[in-house]
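Peer 1: got a structure for you, letters missing:
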């Protein structure tokens, strides 16, 4: 008797117009309507397929008599029903997937291609899912309760319908079989009842929607019909009790019953089906109590006798829209906090795309609050996805606002939800095409670090940031990554991550972007050093590791030093100096008393109140903590001619001494450095070459310049004077002194001080010291302003140029040449020119081979960069004279020395523009004289000189055509590829030294 009613229910479901209730938004475009209609058709097809499955299962049921035959004859196998087959197929496929039989699962799916194994609902309409196969196997001998919701029902069954009339035939013989058959009948009936009840609920929901539309229309008329709203007691007006025959209590309330529906209620007062009311779920009793406590809303009843049908027809002319998504939301009002959250969760995804990009940050509070309080995880995930994709390319302020919201969210929900809900959003955008979005991810990792579980913080988040640091191409993203890594280092507590942190530090320090490296020194290294200090590995592992890498780098530097890596390691040591100082303060022995004036007790000694044991403890502590002896040993192995090494180590020692203070610098910096690294200055002559190494410039510029008081400056002046005197008297190389002058001369603050040191050498009694002072002026002239050159340098050089010793006078020539190259004051240039002319024209210097060599070398060095007038009127004519005089030189060694030096000078000057007059009168004649020497002394050079002369002659002949091209070098004016090829091939045949060839292709700077 149930089947006709069921068929009627199905026909009622078919008759509903689902298109009328489709979620078509605001019907803004035909395209949107078409998409929704397509989705509706797909949904209808799914419903029809499910109904077909259920109908097929019902039609395939065997009769009770057939079941009796199967029970009485176990050897006859009962045929499997389609519903059972689909359920078993689903469970078998699920078992195969769970136990990694993926290939078998694929094959099984292909053999049953008419079934969707990803969706249980494809098995049948409203069929509850049974336990998995393993659970069924383990409980196959135990009576398992039905997974369906059970209710108390009364069942009446005719004995004729029971399978085989087993009770009437022989009850005493088969009590177990009888009980089992009765149980099967009850379960089957319960199953049919549940199917019909669920279908009834679905239909009731659709009917209620139709009724709500009608009641909404009635509410809009000027004189609404009487109605009493009381959802708690369900008291309904008599005028509307005949409009429906469906019990609303059998339908689960929309949104868990937490909405006050302004659509008029027209359900009947009676409740004819109490068992079905048990299916109502009330997960929020507090909200229901709140609703029940609201007083019923009363409306004035008109004193009319209109029929309900006529009244409804009148209301149908009111223009209201409740059949769309927005209309459904507008037509009901939330009455509790959770219902508000549910409403926001539904509406925000539709609101966000319609808000201007520049104003979308205004939605952040709404999105965050809803994501915090919404009960559904999928909705929360969607809202957080909207948050991270809210703005296409968020700027700084917008990112800060989003980060602020993420932190507020994390504080509210706790670490578990931050890990489960926020981190996946970051992971999804780690490779986003826009750098602003990746920047948001990098900043989020740091901002959320305090609120994450410590295991995730030191594993997943650290790995994410490491990947972005290594792979991201945007500087600003890597900068944010480094800052977030620094924050992570401030919260990490796993000692095993030390090595990973060290590698991250080196990786980030080697970044090509300056802003990234700056972030490393500003954020990452201080945080990492604080952690290593807690671990006790700052002085035992971190600093020694850096020193070991520096030593290895210097050992490999014999074939070419990697200056960038050296800078990376030493800059890291500089940033580690403040944490190192903190470690010393925590461990150093302090004095037992302090002055009343508030002076800080000295840490490193140097006060009369310290005992010898305190000095010893301080020295031992400093050596063990700062690895100072190892540092000084490394300094001693540096190539003194490497200006980069000297500069980097000087900066490090300056920072070290500056951080530890003046007492440390005076007592440990000076005394300890000299006692362990330097020997007494007088021992240089005895074979100790310590003063010729890089220790001298690093000590002078890195230690003695930390403080700038008078006594400090006097200490630096005295040290430089002693080094200059000792090296000069010991005939030692001057490279260490030159490196000191170059490093100090780069800072104008020390120009006066260096001039004071050099004046000490000018007036020294030893000619060796005076020669050294004269050569040091050449290094100082380039950085000193012209006023100091005129007032201090030139007078000192003029004094030395009249020195009784010829070697001292010759030593001044490079400095005079540098002045001609760098100074622009005419009066000053004339004085220098006169002095150089006296060297060339005074008869007493006529046979001074060393003087001529120094002048030619100086002319070749400064000629291309000197003033053109000085070059044309002074340099080239005198070179011509020297070349002509060298033709008559009788001493072959002197002749070849002068010829070789002249070749280098002419090669350098050939790159300059030379006027036609000077070319004809001096440059070409000088080249011909030089070629005459080279014909006898060096045929290789003679070939090149011939080519140069030929090209100069061609240039003179074509001067008229070349005037429009402006200044042109001789080397670039070769005419024809044959001449150029010949010139280059002859250059390749030269066997002269590299130093001689180095100046051949010099260009004007």
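Peer 2: Happy to help now that I have it. Predicted, not measured: the structure shown is a model, and the values here were computed from it.

Peer 1: give me the contacts around stretch 96-116.
Peer 2: Outside stretch 96-116, the residues that touch it by CB atoms under 8 Å, 6 or more residues apart in numbering are 86, 89, 90, 92, 93, 117, 122, 123, 132. No exception for glycine: its C-beta is placed from N, CA and C like everyone else's.

Peer 1: measure it end to end?
Peer 2: For stretch 96-116, the first-to-last residue distance is 15 Å (CA to CA, to the nearest Å).

Peer 1: got the buried residues for that stretch?
Peer 2: 96, 97, 105, 108, 109, 115 (16 or more other CB atoms under 10 Å).

Peer 1: repeat for stretch 717-730
Peer 2: 717, 719, 720, 721, 723, 724, 725, 726, 727, 728, 729, 730.

Peer 1: which stretches in the stretch 451-600 of the chain count as helices?
Peer 2: Taking DSSP state H, counting those that start in this stretch as the test, the helices found in the stretch 451-600 of the chain are 454-457, 460-471, 475-491, 498-509, 514-519, 525-535, 543-556, 563-587.

Peer 1: export those helices as TSV, with columns for mean neighbour count, mean pLDDT and distance to residue 867.
Peer 2: Shown next, in TSV, are these (neighbours: other CB atoms under 10 Å; pLDDT from 0 to 100; distance: least, CB to CB, whole Å):
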stretch	mean neighbour count	mean pLDDT	distance to residue 867
helix 454-457	16	89	67
helix 460-471	18	92	53
helix 475-491	24	94	44
helix 498-509	18	93	46
helix 514-519	16	94	38
helix 525-535	20	93	50
helix 543-556	16	87	43
helix 563-587	18	88	35
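
Peer 1: kindly reformat those helices as JSON lines containing distance to residue 354.
Peer 2: Shown next, in JSON lines, are those (distance: least, CB to CB, whole Å):
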{"stretch": "helix 454-457", "distance to residue 354": "36"}
{"stretch": "helix 460-471", "distance to residue 354": "33"}
{"stretch": "helix 475-491", "distance to residue 354": "30"}
{"stretch": "helix 498-509", "distance to residue 354": "42"}
{"stretch": "helix 514-519", "distance to residue 354": "38"}
{"stretch": "helix 525-535", "distance to residue 354": "43"}
{"stretch": "helix 543-556", "distance to residue 354": "56"}
{"stretch": "helix 563-587", "distance to residue 354": "50"}
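
Peer 1: these: which one's closest to residue 795?
Peer 2: helix 563-587 (38.8 Å; CB to CB).

Peer 1: can you list contacts of that closest one?
Peer 2: 505-506, 509-510, 517, 520-521, 525-526, 529-530, 532-533, 538-539, 542-543, 546-547, 549-550, 553-554, 603, 621-622, 625-626, 644-645, 648-649, 651-652, 655-656, 659-660.

Peer 1: re the thing from before, pick the one among the buried residues of stretch 717-730 closest to residue 333.
Peer 2: residue 719 (87.8 Å).

Peer 1: who's in contact with that closest one?
Peer 2: Counted by CB under 8 Å, 6+ apart, residue 719 has contacts 699, 700, 704.

Peer 1: and the last one, which of the three is it?
Peer 2: Using DSSP: H, G, I helix; E, B strand; the rest coil, the structure places residue 704 in coil.

Peer 1: same check, this time on residue 433
Peer 2: Quick answer, by three-state DSSP: residue 433 is coil.

Peer 1: tell me the pLDDT of the nearest residue to residue 340 once chain neighbours are set aside.
Peer 2: Leaving aside its chain neighbours, residue 340 sits nearest to residue 334 (4.5 Å; criterion: CB to CB, 6 or more residues apart in numbering). Reading off the confidence values, residue 334 has pLDDT 70.

Peer 1: with the one 3 residues further on instead?
Peer 2: Reading off the confidence values, residue 337 has pLDDT 74.

Peer 1: residue ranges with poor pLDDT in the stretch 601-750 of the chain?
Peer 2: 601-627, 664-689 (pLDDT under 70).

Peer 1: and if you look at the stretch 101-250 of the chain?
Peer 2: 124-126, 141-176, 218-250.

Peer 1: so where's the longest helix in this structure?
Peer 2: Criterion DSSP state H: the longest helix present in the chain is helix 175-219.

Peer 1: tell me what that one is packed against?
Peer 2: When contacts are defined as 3 or more CB pairs under 8 Å, 6 or more residues apart in numbering; DSSP states H and E, helix 175-219 sits against helix 2-15, helix 166-169, helix 308-315.

Peer 1: can you pull the buried residues of stretch 757-774?
Peer 2: Those would be 757-758, 760-762, 764, 767-774, for stretch 757-774 by 16+ other CB under 10 Å.

Peer 1: next: stretch 428-444.
Peer 2: For stretch 428-444, by 16+ other CB under 10 Å, it's 429, 430, 435, 436, 437, 438, 439, 440, 441, 442, 443, 444.

Peer 1: off-centre distance for it?
Peer 2: How far stretch 428-444 lies from its chain's middle: 9 Å, per CA atoms, centre = their mean, to the nearest Å.

Peer 1: outside of that stretch, which residues touch it?
Peer 2: 385, 388, 392-395, 399, 402-403, 406, 422, 426, 464-465, 467-468, 472, 474, 476-477, 480-481, 483-484.

Peer 1: about what we covered before: the buried residues of stretch 428-444: which two are farthest apart?
Peer 2: 435 and 444 (14.5 Å).

Peer 1: ok, back up a step: which residues does the residue nearest to residue 340 form beta bridges with?
Peer 2: Beta-bridge partners recorded for residue 334 (DSSP bridges): residue 259.

Peer 1: assign residue 743 to helix, strand or coil.
Peer 2: helix.

Peer 1: skip the chain neighbours and tell me the closest residue to residue 781.
Peer 2: residue 818 (4.6 Å).

Peer 1: these two touch, right, the one you found and residue 780?
Peer 2: No: Residue 818 is beyond contact range of residue 780, at 9.2 Å (criterion: CB atoms under 8 Å).

Peer 1: would you mark the buried spots in the helix or strand in which residue 649 is found?
Peer 2: Element membership for residue 649 (DSSP states H and E) is helix 643-660. Buried residues in helix 643-660, counted by 16+ other CB under 10 Å: 643, 645-660.

Peer 1: could you check the angle it makes with helix 543-556?
Peer 2: In terms of direction (axes from the mean of the first three to the mean of the last three CA atoms, to 10 degrees), helix 643-660 departs from helix 543-556 by 160 degrees.

Peer 1: residues in contact with helix 643-660?
Peer 2: Residues outside helix 643-660 that contact it (CB under 8 Å, 6+ apart): 554, 561, 563, 566-567, 570, 573-574, 577-578, 580-581, 584, 604, 626, 631, 635, 638-640, 664-665, 668-669, 694, 697-699, 701-703, 705-706, 739, 742-743.

Peer 1: please redo it, this time with the cut-off set to 6 Å
Peer 2: 563, 566-567, 570, 573-574, 577-578, 581, 635, 638, 665, 669, 694, 697-698, 701-703, 706, 739, 743 (CB atoms under 6 Å, 6 or more residues apart in numbering).

Peer 1: now the strands for this protein?
Peer 2: Using DSSP state E, the strands of the chain run over residues 259-261, 332-334.

Peer 1: lovely, talk soon.
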